[in-house]
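> I need the structure of the sequence given here:
(2 chains)
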Amino acid sequence: DTEVTQTPKHLVMGMTNKKSLKCEQHMGHRAMYWYKQKAKKPPELMFVYSYEKLSINESVPSRFSPECPNSSLLNLHLHALQPEDSALYLCASSQEISAGGQNEQFFGPGTRLTVL
Amino acid sequence: GENVEQHPSTLSVQEGDSAVIKCTYSDSASNYFPWYKQELGKGPQLIIDIRSNVGEKKDQRIAVTLNKTAKHFSLHITETQPEDSAVYFCAASTRGGGNKLTFGTGTQLKVEL
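Model prediction:
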């Protein structure tokens, strides 16, 4: 299995709602990532997990809360979002992060989020 | 931090022609350079990558070249086909940077019949 899956594909939520995005991979990768992508822009890194521990937080607002329950799963919990948070949220995974070099990142199809 | 510039922002070619997309990076410590293709409504797909210890890599119709001295790298697509139409992103990553990718701004490639 060489795929990163994400659910749901689309999500519409109000500013007072709480929702979660889910990501799963079964490639044995030990690093997982959340990116945010606005229309016609490149992906922007939000969080990096390495061996189920948060290793990078790119100064993301606390209304976004990541969670890595095990090596195959990555969640992004959403609460009190703003309309400007509407975007495509991408999950990616790679082999372990090491000082010796970079590993290929494989992306999922994304969740299209609309905040009303 | 790293900064990656990408040109052109849009590129239109006739089917069968070649397409070239160029990127420059700022951090001389960057040593990994992937290219991603993103079709409408989909996530980015890794199509080819190159590490700083080589100058060129080829995979069928796609090739990437790297000039470390000038700090630029390029994607070359030969014999373009309509299904090559997509947005292409270059990226750079730095040793010891936690596998963080810094992306270019993207190139919309359109292959016309």
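
> shaky segments in chain A?
A:1-2, A:98-101 (pLDDT under 70).

> for it, which residue occupies the most central location?
Closest residue to the average C-alpha location of chain A: residue A:34 at 2.6 Å, with CA atoms, centre = their mean.

> hmm, who's touching the helix or strand that that residue is a member of?
Residue A:34 is located in strand A:31-37, with elements delineated by DSSP states H and E. Strand A:31-37 has contacts (CB atoms under 8 Å, 6 or more residues apart in numbering or on different chains) with A:23, A:25, A:43-51, A:66, A:68, A:74, A:76, A:87-97, A:103, A:105, A:107, A:110, B:99. Glycine gets a C-beta too; all of them are placed from N, C-alpha and C.

> what about those residues, which are in strands?
A:23, A:25, A:44-50, A:66, A:68, A:74, A:76, A:87-94, A:107 (DSSP state E).

> related to what we said a few turns ago, please name the bridge partners of the residue nearest to the centre of chain A.
residue A:47, residue A:91 (DSSP bridges).

> how near is it to chain B?
12 Å (CB to the nearest CB, to the nearest Å).

> what's the answer for residue A:46, then?
Residue A:46 is 11 Å from chain B, by CB to the nearest CB.

> OK, contacts around that residue?
Per CB under 8 Å, 6+ apart, neighbours of residue A:46: A:33, A:34, A:35, A:36, A:57, A:58, A:60, A:64, A:66, A:76.

> distance check, it against residue A:8.
18 Å (CB to CB, to the nearest Å).

> what's the answer for residue B:110, then?
Computed as CB to CB, the residue B:110 to residue A:8 distance reads 31 Å.

> for residue A:85, give me phi and psi.
The phi/psi pair for residue A:85 (degrees, to the nearest 10) reads phi -80, psi -10.

> burial measure for the residue nearest to residue B:16 when sequence neighbours are not counted, as a count.
Leaving aside its chain neighbours, residue B:16 sits nearest to residue B:79 (5.8 Å; criterion: CB to CB, 6 or more residues apart in numbering or on different chains). Neighbourhood size, residue B:79 [other CB atoms under 10 Å in any protein chain shown]: 11.

> near chain A, which residues of chain B?
With CB under 8 Å from any CB of the partner chain as the criterion, chain B meets chain A at residues B:31-32, B:34, B:36, B:42-46, B:49, B:51, B:89, B:93, B:95-96, B:98-101, B:103-106.

> what sits against residue A:45?
So residue A:45 contacts A:33, A:34, A:35, A:56, A:58, B:100, B:101 (CB under 8 Å, 6+ apart).

> what's the closest of the residues you listed to residue B:75?
Nearest to residue B:75 among the contacts of residue A:45: residue B:101, at 15.5 Å, using CB to CB.

> so where do the helices sit in chain B?
Assigned helices in chain B: none (criterion: DSSP state H).

> could you list the low-confidence segments of it?
The model of chain B has no residue with pLDDT under 70.

> residue B:56 and residue B:67, how far apart?
Counting by CB to CB - residue B:56 and residue B:67 are separated by 10 Å.

> brain fart, residue A:38
When residue A:38 is compared with residue B:67 (using CB to CB), they lie 31 Å apart.

> which of the contacts of strand A:31-37 count as buried?
Buried members of the contacts of strand A:31-37, scored by 16 or more other CB atoms under 10 Å in any protein chain shown, are A:23, A:25, A:43-50, A:66, A:68, A:74, A:76, A:87-95, A:97, A:103, A:105, A:107, A:110, B:99.
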